[in-house]
Every structure is written in structure tokens, then in C-alpha cells.
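Enquirer: Structure for this input, please:
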Amino acid sequence: MPTVAGAVQAFDLFPISSPGKDFPRDALPHSVIITHIENRPLFLDAAGKLQDSVPVESEFDSLEEKVAQFVGICERLRAENIDLRQQLAAAQNDAKRLTDKIEGARSRLEQLLSRMPG
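Expert: Numbering: from 1, shown residues only. Next up, the predicted model:
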């Protein structure tokens, strides 16, 4: 009996003669499934055919090259990100140092202004 997107229920793939009282129809024992799989030919036997396929091999080579390029870009961006974080930390330290310097100058100026008469 087909289900969503043409899939079939496990019971249809692994039929048994009589479910019985202790064996509900929708709960197949592991041994029945294993025996069925071992005795049926596999339908997904494309791996052997793909190994000899030149177009597929060239696609794999192309994909491998693209993955290598992607990894290289990621490594370069990671290094650049580390460098930018270090530059940001240095800039933040400089900004704090300059802010402290300005605050000190402001404080000294206020002290001088408070000492002036008048």
C-alpha cells in the first residue's frame, strides 16, 4: 500500500504468512526483516556502474576541486578574521588610552580654572 511520495509500508516489503496473536501486523521481528533482506536482490546496485563512468569521475574531480577551493577560502577568511579581531582589540585599547588622556586633561583644566580668580 503506497504512502507519502510513493513509499511503501514495511509490511508490504517484508510479507509474512500470518501475523498471529503475539505478533501485530505492523511490528515485524528483526529476524524476519534480516532474512528477507539476505534473500532478496538489492535494487540499489549502482555503485559498481558508477565506478567505471568517466563523466561521473570528472564530476567528482570537479567537485573535489571546488571543495578544495572552498576550504582554502574558509582558511583565508578565518586568518583574516583573526587579524581583524586583533586590529579591533588594538584600536579599542588606543581609544581607551586616548579617552583616559582626554579625561585627565579635562580634570587638570578644571582644576586650573577653579584656581583662577573671578
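
Enquirer: Output the longest helix belonging to this protein.
Expert: helix 54-115 (DSSP state H).

Enquirer: by contact count, what packs against that one?
Expert: Packing partners of helix 54-115 (3 or more C-beta pairs under 8 Å, 6 or more residues apart in numbering; DSSP states H and E): none among the helices and strands. Just so you know, the C-beta spots here come from the backbone N, C-alpha and C atoms, and that holds for glycine as well.

Enquirer: what mean pLDDT does it have?
Expert: The pLDDT scores in helix 54-115 average 95.

Enquirer: For the remainder of this discussion, apply numbering that starts at 51.
Expert: New numbering, starting at 51: the last item is helix 104-165.

Enquirer: tell me the domain boundaries of the chain?
Expert: 51-90, 104-168 (automatic domain parsing).

Enquirer: May I have stretch 113-123 as PDB, with CA atoms only?
Expert: Extracted in PDB, the C-alpha atoms of stretch 113-123 (Å, rounded to 0.1, in the frame of the first residue of the first chain):
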ATOM      1  CA  LEU A 113      33.600  18.700  -7.000                       C
ATOM      2  CA  GLU A 114      36.800  17.800  -5.200                       C
ATOM      3  CA  GLU A 115      38.500  20.900  -6.800                       C
ATOM      4  CA  LYS A 116      35.500  23.100  -5.700                       C
ATOM      5  CA  VAL A 117      35.600  21.800  -2.200                       C
ATOM      6  CA  ALA A 118      39.400  22.400  -2.000                       C
ATOM      7  CA  GLN A 119      38.800  26.000  -3.200                       C
ATOM      8  CA  PHE A 120      36.100  26.400  -0.600                       C
ATOM      9  CA  VAL A 121      38.300  25.100   2.200                       C
ATOM     10  CA  GLY A 122      41.100  27.400   1.000                       C
ATOM     11  CA  ILE A 123      38.700  30.400   1.100                       C
END
